[in-house]
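Enquirer: A predicted structure for the sequence below; I have some questions about it.
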Amino acid sequence: MSGAWLWSLLGAWRLDGLSALFAVLILAVGGAALVYSPAYLGQERYRGESRWRYWPLFALFLLGMLGAVAAWDLVLFLVCWEVMTLASYVLVAYEASDRQTLCAAFKYFVMTHVGTGCLLLGIVILGARAGSFSYDALPGAMRDLAVLRPGLLHLVLGLCFVAFATKGGLWPFGDWLPDAHPAAPAPVSAVLSGVMVKLGLYGFLRLFVWNLAAVAPGAAAGWGYGLLGFGVLSGLLGGMAATAALDAKVLLAYSSIAQSGLVAAGTGAALVLAPVHPGLAGLALLGAAFHVTGDAFVKSLLFLTAGSLQYRTGSRRLEDLGGLFQAMPVTGWAALLASLAIAGFPPLTAFVSKWLLMQSTIVSGTPFVAVAGLGVLLASLLSILYALKFFIAGFAGREMRAGDLEVPGAMRAAQLFLAGAVLALSAVPGLWLRALLAAFAGCPFLAASGLAGVWGAGALRPPSGAFAPLLLVLLGLGVAALARLALGTRAEPRRGAVWLGGLGGAAPRGQPLGFYSTVRPELERAYPRLRLPAWHRPAWVAGLPAAFDLDRLLYRPLAEAGRRTSRALRRTHTGLPHAYIAWQLAGALALVLFLILRRRGIAP
Amino acid sequence: MREWALAGFASLVGLPLLGALLAGWRRGRAGDAIAVAVTALTALVAGAMVALGGLGGLAVPLGGLPVVDRLAGRPVPLFGFLLDPLSSIVLLGVVLLGFACVLYSTRYVGPANREQPVPEDRRRYHFWLLAFVGAMAGLVTSATLLQLFLFWEATTLCSWALIGFYDREHGALAAARKAFLMTASGGLCLLGATLALLALTRSVGFDAFALLPDALRAVAGPLLLGLLLLGAWAKSAQVPFHTWLPDAMAAPSPVSAYLHAASMVNAGVYLVLRVVTAAAPTGAVPGGIGLLIGLMAALTLVVSVAQFFFQDDLKRLLALSTISHLAYVMLGAALGVAGSGRAVQGAALHILAHGAGKGLLFLSVGTLSFAAGTRRIADLSGVLRRSPVTAVTFLVGALTVTGVPPFAGFWSKLLIVSGAAQLGGWGVGVAALLVAESVVAFAWFLWIGQKVFLGPPSPAAQSMAPLPRAMAVALVFLAVLCLAVTAAGLPLAHGVAAAPASLLALFGSGR
């Protein structure tokens, strides 16, 4: 650990398939958000804020993320991770004149730094064990630890788990998301949820799948259960909270938690299944990777459309929105596409990934995994609920507004670019899956999974065992046509109880409060929030500073004693010449007496 | 080599002293110019010496006193200069921060200061500050405990004069007396230990503990180390002697930045690191003493961080944070006694990194006193609008001392924490404590920074005067330093582990 080591850090970059996947996402989503930003920041509420706090930090944010995925050294990774965190903190707090924004940013900051602290500790222990912080030394160190000190290994993994789960937004670690997202400007939210949250998942993939699974499959499977459990829980709870949310960006933030949960569940299932069934494990892993890709585009697109809504209406509250589909056609279509995609509507992205996830889990034959697969199914049902709610409450659901409210060209372009990416992924998922398979050559069990040939024949022609997106498109269109035939073009709202398909009571049609109104309170309670309480100091706290006042014990008594001694000594100094002469005489007499006694042999 | 080395050491001490006389004589701009030029020159000399001989080591023995030689029956080296990686690290902090603080003071101390306006006469101030620079440079380049003690007392005296600089205020005088009493009592303990060592081993070298006769080692070793520790604790404001430091915040801000972050308080931890690196490899530092250092450091850490949350005065908050960071260094030394060379490297580097970061923080807060007339957290808000430089430098300083990559504090903390983790077992617990402290301190500093710099401007912030250029330059200089010292500090810290023992031996037994 010398200066030379520090300089060698500068060269410790490497881009393998896994890193490249995330780098592509960062560049694509980051680029779209950059294009979207200038017009968006023209809003009145950002007028007072300096752009110096935006552009340089946005660049730093993207660079930090790129560095984190391209780093091939734990310390370098940590440095980039921290750069990314700090830059994103400043961006979340961009609207600095608003107290609430600052509180939200602070909560984000604290939570994510608890994670970073854990990560630092884990990395330091690992590095101290390995003798080097390079990724190349990781497998060896983990193998040694797994044999010699399994407890320490699990401590390290647990610390890293907390860090990545915090960044990745898993319940309950990701509680900062629903606060930070409404506070941040929309393009920042898009990058935050679109890619930064995904870097937590990158951490899981890099550490648990790429390194741990290769050398200690047993330990990896154990943590796979953890990932699976937390993933499914996040999927369910995040989904419920999103369904109950009344604020567009809060809804999307919860949906980020839910979608992260699905990716974590896929990763966990892959780890659990790898020793017993590499084929299914590979399928689950690819499902997770595809979901990361798809959700990066879909989620950032959703945040941008939410930003567009706020840009035009000045509000994020769902009850203020609605009826904007005709006034903002481009944004509306983009939101429709993204909502359908996140709901898992075939053949869009989330459908592909969830299909792979469920295919690999529900029929895996491992009870825990199968149950978790059912949880994934339930979570994706919830995603339909909140995706529909977002779109209908945002763009339909009331009388169409008149006029042209479409956002400026640059913002439209960013949305169209992301929508195009979603469409491209959905049209030829096979191509992307093949690319992922090729890119993930470093994954320990993907080679053994035998998946290499499955998507080999191309995307448009369904080979045996895989699914056929185009067929499903046709199926979907058929269903839509049937529905249209059955309902007619102008269906009258049905009267009757909610459970019988009617509107039930006086709930306004399509209004956010009316959505799922019967179960909303329960849904809201489902996700226990970590609130920053308005903290009043208890009385005993006021007494603490006095308790810390150690002067009471040491300095003041001593100083007081010293002062008293000097005062006593001062008595002898009267200032009168007579007194001094008397002292001198007394002293001389005493000396003479002493000498006499000594001569006599009495004194020593 | 010896000639120019001696000339270098002599100018390290002599230049500031000469400057003190000159700047104490001329008032006005001329005095300022002399002070700044002298500190810049000292920094250049120190930089050149560190570059030429910091890693390899430079030593100039200056012999002893005939009377001592006669008593001992053989020549005893009592004085001398030494520059090795450890002293280089501390010396760099001393001279660089000295330059920045003197430059800053030329505008800070004067009638324009809104919190503490004083007449436009800095002669007394410059005299004591420059004398302090010389004394501190002498302290860190001293090769023996005896010479170190002499400079140690000189710094105590200068610190008394500087803390009490605002002599119209009773609080400042009381604080100065308190600081003087506590550190001077500690100095007496150090003197006692030095003289006892001289009597027992005929040596006042840093490795004299290793020379204790075997018959005495079991009793006298821990006893003398304990005495020396008392001195170090008092100087470095460790529990239970830490109370003088928050009170000493009555000093002008640049004095606080220099004395109470970058140099004087480091003398204690420097001494401990010195003794640990010199004597621990020979097994002369018993494990119990290491444990004592570690426990007191952990206690200090907890006590000081716990007081963060009750502090409304920004400077006192920084003082508490300084106490905790000195405890960090002490903990590094304790880990070194337990066998972790890496922790000692980290501790040495942390002296420099913390000095730069905390110095910057003090100077940033000083600009608030200067321009807004208050340093109460409750009165400040929205300063960013009025003074972006201060906001940025405060942030950089906070990130540096709390150990956020890529600033210097990260590397030193990384070395200490990984050194602790290397020891395994309880070492992991220590590492966890250190990381937890960092996170808490970081969160609190950001929270305070958010309160003070963001949000709507408060009346005090509204009325802020623009920052003089000299102060802004000093701030930016230190902010750059917070990033740049790593490049010089890491190689030097690496050298601390392989300290040239042969140099020390020159001043030890005469082996």
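Expert: Happy to help now that I have it. Numbers count the residues shown, from 1 in each chain, chains lettered A, B, ... in the order given.

Enquirer: OK, contacts around B:Cys189?
Expert: Taking Cβ atoms under 8 Å, 6 or more residues apart in numbering or on different chains as the definition of contact, the neighbours of B:Cys189 are B:227-228, B:230-231, B:234. Quick note: C-beta positions are derived from backbone N, CA and C, even for glycine.

Enquirer: quick one: mean pLDDT over whatever helix or strand it lives in.
Expert: Assessed by DSSP states H and E, B:Cys189 sits inside helix B:170-201. Regarding helix B:170-201, the rounded mean pLDDT is 91.

Enquirer: for the stretch 351-500 of chain A, what lies in contact range of chain B?
Expert: Residues of the stretch 351-500 of chain A found near chain B (Cβ under 8 Å from any Cβ of the partner chain): none.

Enquirer: how about the helices in the stretch 351-500 of chain A?
Expert: A:367-395, A:409-427, A:429-439, A:469-487 (DSSP state H, counting those that start in this stretch).

Enquirer: figure out which of those is closest to B:Gly425.
Expert: Each of those was checked against B:Gly425 via Cβ to Cβ, and the shortest separation belongs to helix A:367-395, namely 34.7 Å.

Enquirer: check which residues of the closest one are buried.
Expert: Under the neighbour-count criterion of 16 or more other Cβ atoms under 10 Å in any protein chain shown, helix A:367-395 has A:368-369, A:372-373, A:375-377, A:379-380, A:382-395 buried.

Enquirer: helices or strands next to it in the packing?
Expert: Taking 3 or more Cβ pairs under 8 Å, 6 or more residues apart in numbering or on different chains; DSSP states H and E as contact, the helices and strands that helix A:367-395 lies on are helix A:217-244, helix A:248-273, helix A:278-313, helix A:329-343, helix A:349-362.

Enquirer: that one vs helix A:248-273, what angle?
Expert: 160 degrees (axes from the mean of the first three to the mean of the last three Cα atoms, to 10 degrees).

Enquirer: quick one: which of the contacts of B:Cys189 is most hemmed in?
Expert: Neighbours here are counted as other Cβ atoms under 10 Å in any protein chain shown. On that basis the top member of the contacts of B:Cys189 is B:Gly231, with 28 neighbours.

Enquirer: nearest residue to that residue other than its sequence neighbours?
Expert: Distances taken as Cβ to Cβ, 6 or more residues apart in numbering or on different chains place B:Leu190 nearest to B:Gly231, at 3.4 Å, with adjacent residues excluded.

Enquirer: now the stretch 251-400 of chain B against chain A: closest residue?
Expert: Of the stretch 251-400 of chain B, the residue with the smallest distance to chain A, taken as Cβ to the nearest Cβ, is B:Phe310 at 4.5 Å.

Enquirer: look up the pLDDT of the nearest residue to A:Trp171 once chain neighbours are set aside for me, please.
Expert: The shortest distance from A:Trp171 to any non-neighbouring residue, by Cβ to Cβ, 6+ apart, is to A:Ser234 (4.0 Å). If you check A:Ser234, the pLDDT there is 93.

Enquirer: before we move on, what about A:Phe390?
Expert: If you check A:Phe390, the pLDDT there is 89.

Enquirer: and it, how far from A:Pro346?
Expert: When Cβ to Cβ, to the nearest Å is applied, the distance between A:Phe390 and A:Pro346 equals 19 Å.

Enquirer: which residues of the stretch 351-500 of chain B lie near chain A?
Expert: Residues of the stretch 351-500 of chain B lying near chain A by Cβ under 8 Å from any Cβ: B:382, B:384, B:399, B:404-406, B:410-411, B:414-415, B:417-418, B:421-422, B:424, B:428, B:431-432, B:435-436, B:438-439, B:442-443, B:446-447, B:450, B:454-456, B:486-487, B:490-491, B:494.

Enquirer: touching chain A at all, stretch B:325-343?
Expert: Yes. Shown here: stretch B:325-343 in contact with chain A (Cβ under 8 Å from any Cβ) through B:Arg342.

Enquirer: in that stretch, what counts as buried?
Expert: By 16+ other Cβ under 10 Å, the buried positions in stretch B:325-343 come out as B:325-338, B:340-343.

Enquirer: can I get that stretch in CSV, CA atoms only?
Expert: Extracted in CSV, the C-alpha atoms of stretch B:325-343 (Å, rounded to 0.1, in the frame of the first residue of the first chain):
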residue,chain,number,x,y,z
HIS,B,325,-9.8,12.7,14.9
LEU,B,326,-6.8,12.9,17.2
ALA,B,327,-8.3,9.8,18.9
TYR,B,328,-8.3,8.2,15.5
VAL,B,329,-4.6,8.7,15.2
MET,B,330,-4.1,7.4,18.8
LEU,B,331,-6.1,4.4,17.9
GLY,B,332,-3.9,3.9,14.9
ALA,B,333,-0.9,4.0,17.2
ALA,B,334,-2.5,1.5,19.5
LEU,B,335,-3.2,-0.8,16.6
GLY,B,336,0.5,-0.4,15.7
VAL,B,337,1.5,-1.6,19.2
ALA,B,338,-0.8,-4.6,18.6
GLY,B,339,1.2,-5.3,15.4
SER,B,340,-0.4,-3.6,12.5
GLY,B,341,2.1,-1.6,10.6
ARG,B,342,-0.6,-0.5,8.2
ALA,B,343,-2.6,1.3,10.9
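
Enquirer: low pLDDT regions in the chain?
Expert: Looking at chain A here, since you left the chain open. Applying pLDDT under 70 to chain A picks out residues A:1-7, A:450, A:452-470, A:489-515, A:530-539, A:541-542, A:544-545, A:548, A:603-604.

Enquirer: look at chain B instead
Expert: For chain B, applying pLDDT under 70 flags the ranges B:1, B:497-511.

Enquirer: can you pull out the strands in it?
Expert: Shown for chain B, the strands assigned by DSSP state E span residues B:58-61, B:80-83.

Enquirer: among those strands, which is nearest chain A?
Expert: The closest approach between chain A and any of the strands of chain B, judged by Cβ to the nearest Cβ, belongs to strand B:80-83 at 18.2 Å.

Enquirer: against B:Val435, how distant is B:Ala297?
Expert: Taking Cβ to Cβ as the measure, B:Ala297 falls 15 Å from B:Val435.

Enquirer: so between the two, which is more surrounded?
Expert: More neighbours sit around B:Ala297 than around the other of B:Ala297 and B:Val435, counting by other Cβ under 10 Å; the figures are 28 against 24.

Enquirer: am I right that that one is in contact with B:Met330?
Expert: Yes. Using Cβ atoms under 8 Å, B:Ala297 is in contact with B:Met330, at 3.8 Å.

Enquirer: rewinding a little: quick one: contacts for the residue nearest to A:Trp171?
Expert: The contact partners of A:Ser234, taken as Cβ under 8 Å, 6+ apart, are A:169-171, A:174, A:257-258, A:260-261, A:264.

Enquirer: can you check A:Glu399 too?
Expert: If a contact means Cβ under 8 Å, 6+ apart, then A:Glu399 has A:Gly323 as its contacts.

Enquirer: give me phi/psi at it?
Expert: Comment: the main-chain dihedrals of A:Glu399 come out as phi -60, psi 140, following degrees, to the nearest 10.

Enquirer: and if you look at the one 3 residues further on?
Expert: Recorded main-chain torsions at A:Ala402 are phi -90, psi 170, according to degrees, to the nearest 10.

Enquirer: could you pull out the strands for the stretch 451-600 of chain A?
Expert: Listed in chain order, the strands found in the stretch 451-600 of chain A under DSSP state E, counting those that start in this stretch amount to none.

Enquirer: before I go, just wanted to say thanks for your time.
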